[in-house]
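[1] would you be able to build a 3D model of this:
(2 chains)
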Amino acid sequence: MEPEDQGVHCRELERSFESGGVRQHVLKRLRFDAEPGQLTMLIGPSGCGKTTLISIIAGLLGTDGGSVRVLGQELGRLRPEELLAFRLRRIGFVFQQYNLIWGLTAAENVAVPLVAAGQPWSEALAKGGEMLRQLGLAEHLGKLPKQLSSGQQQRVAIARALVHDPDLLLCDEPTAALDARSGHQVMELLRSVAVRPGRVVIVVSHDQRVFGFADRIAEMDDGVVVRVEDRIPTEVAYPSGPS
Amino acid sequence: MLTHDKAKYLALVAGIAFASLLISQQAAIFWSALRSSTYGVQSASAADIWVMKPNVEILDLADPMREAVVNQVRSVPGVQWAVPYYQALGMVRTRQGSFRPVLVIGVDDATLIGAPAARMVAGDVHALDQPNAVIFDVSGYQQNFPDLPVEIGQEVEIGQTRAVVGGFCKAPPAWGGQTVLYAKRSLAVQMSRETDNTVSFVLAKAVEGQSPERVAGEIERQTGLKARSSRGFAAEIIVWMLRYSGVAEFFGVTILMGVVIGVAVVGQTFYLFSVENVKQFATLKAIGIGNRSVLGMIFLQASVVAVLGFAFGVGAASVFFAFFGPGTGGLRGMNMPVAVFVGTGVFIYGMVVASCFLSIRRVLTADPAIVFRN
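    Residues are numbered from 1 along each chain as shown, chains lettered A, B, ... in the order given. This next block holds a predicted model:
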C-alpha cells in the first residue's frame, strides 16, 4: 500500500450550507493532509470550517465537491452501510462534551464500540476494563459518568475511542471543557497512548496551551487551510499552582 | 439511557401501571357483569334449548307462561325432554323485620334441572326434595342474614312462606343486585304468590345427533314461541346488555380514560426521552452503530418498562379481585379472566411500541454530525 493511503487527504474540498435563504460556502477548495504516526492539530477561529471538515473526514457529512481519501478509502464511493462499518472499525472519536452514555458504567461505555462490532459482551467488557486500567482509571470501572470528574470522563471517552485500535482518531476540542491541569493531562495521554505508527490523530483545538503537543499544525481561516507547520513536539510543562 | 433519569423512568412505569390497572380492572368488572347476566343459562347446563314468550329478551325480564306450554314443547319432533323453569322476585324478611328482594329460581320438581349442582359450597341440590327447602347463594345469605350462622337447617321467611336452608351455592347477584336462591318450582311459585302463569321458561334438550339451533327453529315454527339454543340465548342476552343497559358506555368511558392516560403519559415521556437523548443517539450513530441497533436498544428499554408497568398494574387489579371477589359485597364472584389479562397486556405493549414509533422519528433523523456541534 502506498504511504499516502494510510493518511487523510482532502483535495479541492467544497461544502456549503443554506441558511436563511443564503448559501454560505464553508469549505472552499480546501486542501488538507494528516499523516499516520503524527498528531495533527487543526486550529482556527470559530466559524472557519473546522467542524465541517472533521465531520466530512469522519464520513458524517457529504461534500459538494472535491475528494476525501481516508485510510486509503475514497469516502464518497462508500455506500451508507459501508461507511457505517468503516467508522465502526477504523475511526475513534473524542468529543468536547465526552458524549458518554449516561446509563452505562465507565467500562460499559468503553465496551460499546466492541459490542457494536459483534464482540461478546463479557469479552468487550473485559477489554474495556483493561483499556481503562491502562489510562489510570482502574478504580472507576463500575462508576457511572456522573460519578466521575470531567477529566476522568474525558479519559473514559479516550478509552472508548481507542479500545478497538482505530487507524484514525478524531478529537474535537478534547480540552475545551476541562480546566488547564486536566486539559494538559488529557493531551499528555493522547500524545503517549494514541499516537503510534500507522495511526492518524487529528485534534481540533482552540486551546493554544496544547499546541505544543502537535507534530503538525494546520491553521484554517474562512474555509481554507492558510498555514501548515510541521514541527517537533515540545515538552509542555504545566505551571505549578492551582488552575 | 432511560434508567439514568430515575424520575422519568418511574413516571413511565407508574403511568403504564396506572393505565394497566384501570383498563384491566374495569374490563374485568365489565366482563364479570356481562357473564353474570347469563348466569341462569350457565347453571342449567343440562338443557341446550331455552323456550320463552316472543317478547322476552333476557333472563331477568321473563314473561311467565301457562303450564300447558311445556307439553307443547315436548311434542315437537327433535325434543328429547322439556321441563318448566320459573323465576320471580320474592321478599325475604330479615330477623330485624325488614324486607329484602331476592330472585327466586324455581327448578323442575321432578328432575331439579336448572339447580346449581356444580356450584354447591355446602349441601347437595337434592336437599331441595325436602319440604320447603331452598338453596341460598352463600354471599347473599350472609348479606341478608348477617346475624345467622351459615348453616344448613336455618329457617327463614320468604313471601310469607317458611323456608329451610338446605344448602349453599356460589352465584353472582342478579342483574338488579338481588340475591339468588333456588327452590323447587312448586315452592317458588308459592313464595312469589303466583297462581296462573307458573312457567317463565321451558328448558329443553335436543335429541342426540340433532343441533339445538335446528330443534329450536322447529319449536318456534310449531308453537309460535321464541326458542334459542343455550349458546344463542346467552349471546343475545349479552348483546341486549351492551345495547340497552348502559353498561358498555359506563365501563367504556372508564376504560377509555385508562387508554388516554396511558397514551398521554407514555407517549409524552418517550418523546421527551428521545428529544433529551438525541445527542447520545447521534453519538452512537457517529461511532458506527446503525439505526437498527439504536432502535433495538430503544425497543428493549420500552419493553422492559412495559412489562414492569403491566406487572404492577395487573398485579394490583388481581389483588383487588382476590380481596373483593370472595367477599359478600357487590363485587362478589368477580375475577380477572385470562382474556382480560392477555388483552390488557397486548394493548399496553402495543401502546408502548406505538409511542416508541412516534418518538423515534427524532432518533432516526438525528444527524450524527451534531456530535461535533456544541
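[2] CA atoms for contacts and neighbours, from now on please.
    Will do.
[3] give me the number of residues near the residue in the stretch 101-250 of chain B that chain A sits nearest to?
    Using C-alpha to the nearest C-alpha, the closest approach of the stretch 101-250 of chain B to chain A is made by residue B:250 at 43.5 Å. By other C-alpha atoms under 10 Å in any protein chain shown, the residues close to residue B:250 number 12.
[4] report the secondary structure state of it.
    helix (DSSP: H, G, I helix; E, B strand; the rest coil).
[5] next one: the one 5 residues further on
    Judged by three-state DSSP, the three-state class of residue B:255 is helix.
[6] for it, which non-adjacent residue is closest in space?
    Take residue B:255 and drop its neighbours on the chain: the residue closest to it by C-alpha to C-alpha, 6 or more residues apart in numbering or on different chains is residue B:23, 5.0 Å away.
[7] next SSE after the helix or strand harbouring that neighbour?
    Using DSSP states H and E, residue B:23 maps to helix B:6-36. The first helix or strand that comes after helix B:6-36 along the chain, using DSSP H and E, is helix B:39-43.
[8] show me where the chain has its strands.
    Here I'm looking at chain A. A:8-19, A:22-34, A:39-43, A:65-70, A:73-74, A:91-94, A:168-172, A:200-204, A:216-221, A:224-230 (DSSP state E).
[9] looking at chain B here, not the other one
    Counting by DSSP E, the segments of chain B that form strands are B:49-52, B:79-93, B:99-107, B:120-123, B:133-137, B:155-158, B:161-169, B:179-184, B:201-206, B:226-229.
[10] for chain A, what lies in contact range of chain B?
    Neighbours of chain B within chain A, by C-alpha under 8 Å from any C-alpha of the partner chain: A:51, A:55, A:60-61, A:84-89, A:91-93, A:95-97, A:99-104, A:113, A:116, A:172.
[11] buried subset of the residues you listed as a ChimeraX selection?
    With 16 or more other C-alpha atoms under 10 Å in any protein chain shown as the criterion, this ChimeraX line picks the buried residues out of the residues of chain A next to chain B:
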select /A:51,55,60,84,85,86,87,88,89,91,92,93,95,96,97,99,100,101,102,103,104,113,116,172
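[12] just the residues of chain A next to chain B: which are in helices?
    Among the residues of chain A next to chain B, DSSP state H puts A:51, A:55, A:84-89, A:113, A:116 in helices.
[13] counting neighbours, what do you get for the spatially closest residue to residue B:265 that is not a sequence neighbour?
    Counting by C-alpha to C-alpha, 6+ apart, residue B:265 lies nearest to residue B:15, which is 5.8 Å off, once chain neighbours are set aside. Neighbour count of residue B:15, defined by other C-alpha under 10 Å: 24.
[14] how near is residue B:15 to residue A:189?
    From residue B:15 across to residue A:189, the span is 46 Å (C-alpha to C-alpha, to the nearest Å).
[15] now swap in residue B:236 and tell me
    Noted for residue B:236: a distance of 80 Å to residue A:189, by C-alpha to C-alpha.
[16] quick one, what contacts residue A:233?
    A:212-215 (C-alpha atoms under 8 Å, 6 or more residues apart in numbering or on different chains).
[17] I'd like those as a markdown table, with distance to residue B:367 and neighbour count appended.
    Compiled in a markdown table, these are given as follows (distance: C-alpha to C-alpha, whole Å; neighbours: other C-alpha atoms under 10 Å in any protein chain shown):
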| residue | distance to residue B:367 | neighbour count |
| --- | --- | --- |
| A:212 | 33 | 18 |
| A:213 | 31 | 22 |
| A:214 | 30 | 24 |
| A:215 | 32 | 20 |
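[18] ok, these vs chain B, which is closest?
    Nearest to chain B among those, with distances taken as C-alpha to the nearest C-alpha, is residue A:214, at 20.7 Å.
[19] go ahead and confirm the closest one touches residue A:231.
    Yes: taking contacts as C-alpha atoms under 8 Å, residue A:214 lies within contact range of residue A:231: 7.3 Å.
[20] next, count neighbours for residue A:19.
    8.
[21] so what pairs up with it in the strands?
    Beta-bridge pairing for residue A:19 (DSSP bridges): residue A:22.
[22] so for it, what's the pLDDT?
    As summarised for this prediction, residue A:19 has a pLDDT of 80.
[23] next one: residue A:135 from residue B:182, what distance?
    Using C-alpha to C-alpha, residue A:135 is found at 83 Å from residue B:182.
[24] scratch that, residue A:125 is what I was asking about
    Distance of residue A:125 to residue B:182, computed by C-alpha to C-alpha: 70 Å.
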